[in-house]
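Student: 3D, please:
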Amino acid sequence: MTQTTHNRIIICPHCAAANRVPVDRLQAGGHCGKCKSPLFTGQPVELTSANFAAHIERGDLPVVVDFWAPWCGPCRAMAPAFEQAAAQLEPKVRLAKLNTEDEQTLAVRYGIRSIPTLIVFERGREMARQSGAMDASSLVRWINSHI
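Tutor: Numbering: from 1, shown residues only. I've put the predicted structure just below:
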């Protein structure tokens, strides 16, 4: 009997290139075929209008986006917890941050009215949304319940 290898499209956090990775090799991480950087860093990916669609629409991993702003106290307070959650949850899910001050068009497009706001995306579709800061364990629990 022949075993079928299932692949996942993983978007590089550095150059936004799409990479095909066998499911059974996700834990090993791997490197981008284009820029040779690691596909998983254990850190949130910085999203901009230039790379947003690649990460949200083209990749096979669920993506949790933290819509935040530098002047927001709760956003700054939650940042270390969000980084801890990224380290715990990769490669099952990609965590990303979007600065709403720099990317106001995307913030308006997704109806961000308070920050921090977290949105879980799967293949371009919004699956869940939560506003307000959380600690690392609450973040991991909330994300796991929505992916």
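Student: Would you mind giving the secondary structure of the residue most central in space within the chain?
Tutor: Using Cα atoms, centre = their mean, the residue of the chain that lies closest to the mean C-alpha position is Leu95, 2.8 Å off. On the three-state scheme (DSSP: H, G, I helix; E, B strand; the rest coil), Leu95 is labelled strand.
Student: Report pLDDT for the residue lying closest to it once chain neighbours are set aside.
Tutor: Once flanking residues are discounted, Leu95 sits nearest to Ala86: 4.0 Å by Cβ to Cβ, 6 or more residues apart in numbering. Every C-beta, even on glycine, is put in place using the N, C-alpha and C of the backbone. At Ala86, the pLDDT value in this model is 97.
Student: Please report phi then psi for Ala86.
Tutor: Dihedral pair for Ala86: phi -60, psi -40, per degrees, to the nearest 10.
Student: about what we covered before: and the residue nearest to the centre of the chain, what does it touch?
Tutor: For Leu95, the contacting residues are 44-45, 63-64, 66, 82, 85-86, 89, 143, by Cβ atoms under 8 Å, 6 or more residues apart in numbering.
Student: Find the pair from the residues you listed with maximum spatial separation.
Tutor: Using Cβ to Cβ, the two most remote members of the contacts of Leu95 are Val45 and Ile143, lying 14.7 Å apart.
Student: returning to that earlier point: thinking the residue nearest to Leu95 is in contact with Gln43, fair?
Tutor: Yes. Shown here, Ala86 and Gln43 form a contact pair, counting by Cβ atoms under 8 Å, at 5.7 Å.
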